[in-house]
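Peer 1: Predicted model and sequence follow; I will ask about them next.
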Amino acid sequence: ADNHQHRIVAVPGDGVGPEVYASACTVLDVLSSRFGFGIDIDEQLIGGAAIDATGNPLPDETVAACRDAKAVLLGAVGGPKWDAQPRELRPERGLLRIRSELGLYCNLRPIVTHPTLHRFSPVRPERLDGVNVMIVRELTGGIYFGEKRREGDVAEDVCRYTADEITRVTRQAGRLAMQRDRRIVQVDKSNVIETSRLWREVTERVIGEEFPEVSLEHLYVDAAAMHLLSKPASFDVMLTENLFGDILSDEASMLCGSMGLLPSASLADGDFGLYEPVHGSAPDIAGQGIANPYAMLLSIAMMLRLSLHETEAADALDSAITDCWSDGVLTLDLVPEGVGTEAVTEAVCRRLTGA
Ligand code: NAI
Ligand code: MG
């Protein structure tokens, strides 16, 4: 098989999902002709769009198609139209299920600042210079998935991790660190929490044995929360468990300014991953052509780099985007004189083709 023919599944979803997905298609088209790879996109249903068509927020056909692909691209799901549905039939259910069905245990949120965007962050600009943190959050274990109990006024949530669960996400973090600055800070609360002690032991072993060139440090989560604001530029890869990662990644997103700028990836074993903007379906602005596509385009760059190994294309897209920022190509969520989705897409494509 041709190594440079990539089959992916796209699930555009609802609201601004299909709008930012359209931008992604245009940009992928330009990249594939410039860098000589083929991309075959199988569009499938998820969320409210899937409920309307089939009655199910995640049809079996969608899951089957995803299992067969190198990567999945997701727009966003949800909207007021489906809010009255019972829980099992809500669009957001499709999102949780696709993550668990595909075994996506490693969630990545890159936090990269840019001088043009410093003014949109509540953090002082001099602290934002050079920030480039990759947050690696374990996504399918820990307290969110542990046994839950309720007896009257007493409630219990179990936080459980196995060495295998920690090992596989640590390997992904090690692999990423090798492509970056080769430094991992593992965040826990090992002075009081037993699973945290296991995290320290296992990460020491995996990084020590399999990634000897990567330096590994440990930090308590309370200190990490402070350091993310006081010296964010000191981090390279931040590796942590599910609950701490949920909180720290939202905290870190404030370094960048807008939801419309944040990409994410969720990886399974091997190179398979699901890529999506962090934002939701933004029903308040859907259908107006003004959605910010940068989060989606940055998600595409992550897909090209991590799942498709089209590194040159990924680098080119990343720099086309940052060139746009430097040139002030910004959307309405950021500045009152901002431009629409298509104008951003065209600006990115122009920088990719040198036209
Ligand atoms: P949201 O992220 O959709 O919107 C929050 C605010 O940010 C809104 O004011 C919106 O206009 C703005 N915004 C978001 N993305 C934007 C973009 N690309 N460009 C410009 N502005 C943007 O979160 P919200 O309002 O809490 O949820 C709306 C719906 O989306 C709900 O049904 C929710 O369940 C769903 N949702 C879906 C997610 C997903 O598909 N991964 C994640 C979060 C929420
Ligand atoms: Mg969250």
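Peer 2: Structure's in. What do you need? Ligands and ions are numbered 1, 2, ... in the order given.
Peer 1: in the protein, which spans are strands?
Peer 2: Taking DSSP state E as the test, the strands found in the chain are 5-13, 38-43, 71-76, 106-112, 132-138, 148-151, 154-157, 183-188, 215-220, 237-240, 263-267, 273-277.
Peer 1: and ligand 1, which of those strands is closest to it?
Peer 2: Ligand 1 lies closest to strand 71-76 among the strands of the chain, at 3.7 Å (C-beta to the nearest ligand atom). Backbone N, C-alpha and C define where each C-beta goes, glycine included.
Peer 1: Strand partners (parallel or antiparallel) of that closest one?
Peer 2: Sheet pairing of strand 71-76 (DSSP bridges) gives strand 5-13 (parallel), strand 273-277 (parallel).
Peer 1: could the strands of the chain be laid out in TSV, adding distance to residue 323 and mean pLDDT?
Peer 2: Formatted as TSV, these follow (distance: least, C-beta to C-beta, whole Å; pLDDT from 0 to 100):
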stretch	distance to residue 323	mean pLDDT
strand 5-13	25	97
strand 38-43	23	98
strand 71-76	23	98
strand 106-112	14	97
strand 132-138	17	98
strand 148-151	48	96
strand 154-157	46	97
strand 183-188	28	98
strand 215-220	32	98
strand 237-240	26	98
strand 263-267	17	98
strand 273-277	20	97
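Peer 1: For these, could you give me a markdown table that also reports mean neighbour count?
Peer 2: Output for those, formatted as a markdown table (neighbours: other C-beta atoms under 10 Å):
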| stretch | mean neighbour count |
| --- | --- |
| strand 5-13 | 22 |
| strand 38-43 | 14 |
| strand 71-76 | 27 |
| strand 106-112 | 22 |
| strand 132-138 | 23 |
| strand 148-151 | 9 |
| strand 154-157 | 10 |
| strand 183-188 | 23 |
| strand 215-220 | 16 |
| strand 237-240 | 27 |
| strand 263-267 | 24 |
| strand 273-277 | 26 |
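Peer 1: and these as a markdown table, adding distance to ligand 1?
Peer 2: Converted to a markdown table, the strands of the chain look like this (distance: least, C-beta to the nearest ligand atom, whole Å):
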| stretch | distance to ligand 1 |
| --- | --- |
| strand 5-13 | 6 |
| strand 38-43 | 16 |
| strand 71-76 | 4 |
| strand 106-112 | 12 |
| strand 132-138 | 15 |
| strand 148-151 | 22 |
| strand 154-157 | 23 |
| strand 183-188 | 23 |
| strand 215-220 | 28 |
| strand 237-240 | 20 |
| strand 263-267 | 9 |
| strand 273-277 | 6 |
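Peer 1: Need these in a markdown table (columns: distance to residue 292).
Peer 2: Formatted as a markdown table, the strands of the chain follow (distance: least, C-beta to C-beta, whole Å):
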| stretch | distance to residue 292 |
| --- | --- |
| strand 5-13 | 16 |
| strand 38-43 | 22 |
| strand 71-76 | 12 |
| strand 106-112 | 16 |
| strand 132-138 | 21 |
| strand 148-151 | 37 |
| strand 154-157 | 36 |
| strand 183-188 | 29 |
| strand 215-220 | 32 |
| strand 237-240 | 25 |
| strand 263-267 | 12 |
| strand 273-277 | 9 |
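Peer 1: And the closest residue to residue 300 other than its chain neighbours, how close does it get to ligand 1?
Peer 2: Distances taken as C-beta to C-beta, 6 or more residues apart in numbering put residue 24 closest to residue 300, at 5.3 Å, once the chain neighbours are dropped. Residue 24 is 12 Å from ligand 1, where distance means C-beta to the nearest ligand atom, to the nearest Å.
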